[in-house]
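# How does the following fold in three dimensions:
(chains A, B, C and D)
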Number of protein chains: 2
Amino acid sequence: MNPPRRVTLQDIATSVGLSVNTVSRALAGKSAVNEATRAMIKAEADRLGYVPNTMARSLVLGQAMTIGVVITNPSNPFYSRMISAVEQRGSVLGYSVLLVVSEENHTNELRAVDSMRRWGVDGALVVPVQPEVEHWRRLMAAGTEMVLVNRDLPELDCDLVGIDYERSAYEATLHLLDTGVEQVYLLEEDLQISTVRARVDGFHRALAERGVPPESVRELRVPTRRRAANTLPWEPAEAYELAQHLAADVPPRSGILVGNDSFALGVYRAFSEAGRVIGDEVAVVGFGDHPFAAYLAPGLTSVRLPAEQVGAAAVDQLVARIGRRGSAAPRARISFPGDLIVRGSSTHRQPAAADPGSS
Amino acid sequence: MNPPRRVTLQDIATSVGLSVNTVSRALAGKSAVNEATRAMIKAEADRLGYVPNTMARSLVLGQAMTIGVVITNPSNPFYSRMISAVEQRGSVLGYSVLLVVSEENHTNELRAVDSMRRWGVDGALVVPVQPEVEHWRRLMAAGTEMVLVNRDLPELDCDLVGIDYERSAYEATLHLLDTGVEQVYLLEEDLQISTVRARVDGFHRALAERGVPPESVRELRVPTRRRAANTLPWEPAEAYELAQHLAADVPPRSGILVGNDSFALGVYRAFSEAGRVIGDEVAVVGFGDHPFAAYLAPGLTSVRLPAEQVGAAAVDQLVARIGRRGSAAPRARISFPGDLIVRGSSTHRQPAAADPGSS
DNA sequence: AAGAGCTACATTAACGTTAATGGTGACGAG
DNA sequence: CTCGTCACCATTAACGTTAATGTAGCTCTT
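Next up is the predicted model:
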């Protein structure tokens, strides 16, 4: 009834009457083993149901064949898609994924660093909660390769794989202005992170380029007061409350750029309740192209983010770093473009498009 | 420039002039160590920046202090919330999380089993892709404790922690009937999994209890032909196409129970485009209470699922199993009730409720 | 035919940790 | 004074794997 003891190389060795090392080399496909012997050993290994012990192997090889992934919140569609890609790509390259969820919480980040160090992961993919960097510095100082994902930490000398939010916001804003809006609003997350900063920059660049006067622009931050422990960090609820005031004040021919599609949900509801028509008198553009974006009425114009590409590229970059350990390669910054998907929410004075959205 | 060699017990031992074992016992808080000596050792450990090597410890202790989590798709809000809870609860109990994403793909499940066995995880939390069980049987036979989450595998003698979908569907259907609908539709996932079966059962029980005649009922399966590798497994697109036909045929005073909220998105769009009013002539009830449910127009009535509770309970159950290894405790089946959140989509002949939804 | 070189295996050591067992000095009891 | 006890620490072995080194037997050379 006791759990069956695991089959080891020793078991196979005893069974076939050879040494442990020969069995190891045979199964590892190395030379200096007679092919007939190798076949015999492999057959016996199969028969006994041998599975190599990764812990023991990692211990002696000095590499864990594991990458740590520190994510803020898997409920964010961007990150959930990214996790899938990371796990898939990692497995192709022979790496397992050790997951830690920070929930935008600094204490959890410290826990993550501790966990990574204890396991001796070869590298870590990190979506940081701004702005502390000391713990990450410790992790890197301990010899763990690290790649930031999506969010940058300017103070940290570390690779970054993410999205060109500045350009995406720039293009989204231009699109908003092209629809003929006269008043422009920005609804952003109230977080001190690089992604928000980049989107705000792109927003400003577009406004400057088109000579939009300051009085035609208003920037708002949606407070991210967390309600419970396990709620979404970017609740539509917060945006909804803010948008209720907006729905009462906003003049016709207005455009709203929202930092993420969840906020857009709140805006939709607030404006709908106020009897104001999105896509007609008010244009809305979001970020993330969440699964629901194409199915709202009207469809939500949104910037599609290549989360899978980001995840796969981040793994590749990290594994490359692991490969050339120690060599102080210069900091890499890989960014992917967003893709503006135009739908009914930003096609003024037109009925909602029938197409679920295409690039 | 080379990565700094990791600090080991030996380093501390040499530094303080004691044996490795004494240092180990001192740091482990065990007896047979002078308190003054212990303090001195701890100080030196801190000074050198010692971090215990989990691999080495796991190897000698014979337990990995790791639980494997095999999830089908983190983009499903239910699973993403569950992952968070699992990771959090696991960390409290001292367990790390090794994540594998199956993407509803059997090959990935085989890969997951292999990974779990190689790592020698103490236990695994599994959301299975029906209906093969052989590989799971192998995993359990190898001594890995296992708990199924959300989806059951009747053929497997294994704990299950999930949702009482039968009861939830029963109640949701009763609610639908209570709103006065005369024709009832069921839109379900086309998957051979226990959750779908349970919901269908609950649906039928409610119909039977109210004596709804067969000609007033229609059951439809939304084909889950995967479009690309990394799309959602339950794309609203599939439901949308199906609902387009429905929107043309469905008589007034109809009710539609959909297996998940993503499908509801497709239904909303199809009916909206057909000029039919949800919540007025057609009632819709979904499953999952996805973040967008409260923000659609009208708000989507949906069954809220306690994903966090399921995740935490699954970890607890697994850890309990690990604790009493080998003792063939009987199969446990823990299920949590869903919570029907009534919103505008199922309040016939009434304007959309102003409240974002409460239990 | 003897040394060189090769093949095919065995032996030994190491990775960092914990558990089991050994040993030494101080102290108290008889 | 001697023996046992206890506190404290050292020594040894073990977990399962891989790498480095050792060795026996064979073949090839000259």
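
# Count the residues that sit near A:Glu132.
The burial count assigned to A:Glu132 is 14, neighbours taken as other CB atoms under 10 Å in any protein chain shown. Quick note: C-beta positions are derived from backbone N, CA and C, even for glycine.

# does it sit in a helix, a strand or a coil?
Under the three-state scheme (DSSP: H, G, I helix; E, B strand; the rest coil), A:Glu132 adopts coil.

# what do you get for the one 4 residues further on?
Reduced to three states with three-state DSSP, the structure at A:Trp136 is helix.

# what residues are up against it?
A:Trp136 is in contact with A:Val113, A:Val126, A:Pro128, A:Met146, A:Leu153, A:Leu156, A:Cys158, counting by CB atoms under 8 Å, 6 or more residues apart in numbering or on different chains.

# just A:Val217 next, same as before
A:Gln183, A:Val184, A:Tyr185, A:Leu186, A:Leu207.

# Poorly predicted segments of the stretch 201-350 of chain A, please.
A:225-233, A:348-350 (pLDDT under 70).

# Recalculate using a threshold of 90.
Within the stretch 201-350 of chain A, the stretches falling below the threshold (pLDDT under 90) are A:223-236, A:238, A:249, A:280-281, A:324-329, A:347-350.

# Now do the strands in it.
Using DSSP state E, counting those that start in this stretch, the strands of the stretch 201-350 of chain A run over A:217-222, A:254-258, A:282-288, A:301-304, A:333-336, A:339-341.

# One more: the stretch 1-150 of chain A?
Using DSSP E, counting those that start in this stretch, strands in the stretch 1-150 of chain A cover A:66-71, A:96-101, A:123-126, A:145-149.

# Following element in sequence after the last one, please.
Downstream of strand A:145-149, the next assigned helix or strand under DSSP states H and E is strand A:159-163.

# List the neighbouring strands of that next one plus their orientation.
Strand A:159-163 pairs in its sheet with strand A:145-149 (parallel), strand A:333-336 (parallel), by DSSP bridges.

# Provide a list of residues in contact with the residue of the stretch 151-300 of chain A found nearest DNA strand D.
Nearest residue of the stretch 151-300 of chain A to DNA strand D (CB to the nearest atom of the strand) works out as A:Asp159 at 27.6 Å. The contact partners of A:Asp159, by CB under 8 Å, 6+ apart, come to A:Met146, A:Val147, A:Leu148, A:Gln317, A:Leu318, A:Arg321, A:Arg331, A:Ala332, A:Arg333, A:Ile334.

# Could you do A:Thr72 as well?
A:Thr72 touches A:Tyr79, A:Val101, A:Ser102, A:Glu103, A:Glu104, A:Val127, A:Val129, A:Pro233, counting by CB under 8 Å, 6+ apart.

# Near A:Ala32, how many other residues are there?
So A:Ala32, with other CB under 10 Å, has 8 neighbours.

# Nearest residue to it in space, please, no chain neighbours.
A:Arg25 (6.3 Å; CB to CB, 6 or more residues apart in numbering or on different chains).

# One more: A:Val161?
A:Ala314 (4.1 Å).

# so who does that neighbour touch?
A:Met82, A:Val86, A:Leu125, A:Val147, A:Val149, A:Val161.

# again with A:Leu265
For A:Leu265, the contacting residues are A:Pro236, A:Ala239, A:Tyr240, A:Phe292, A:Leu296, B:Pro291, B:Phe292, B:Tyr295, by CB under 8 Å, 6+ apart.

# Considering only those, which also neighbour DNA strand C?
Residues of the contacts of A:Leu265 in contact with DNA strand C (CB under 7 Å from any atom of the strand): none.

# Pick the one among those residues closest to DNA strand C.
B:Pro291 (42.9 Å).

# burial of A:Met40, as a residue count?
Residues near A:Met40, counting by other CB under 10 Å, number 14.
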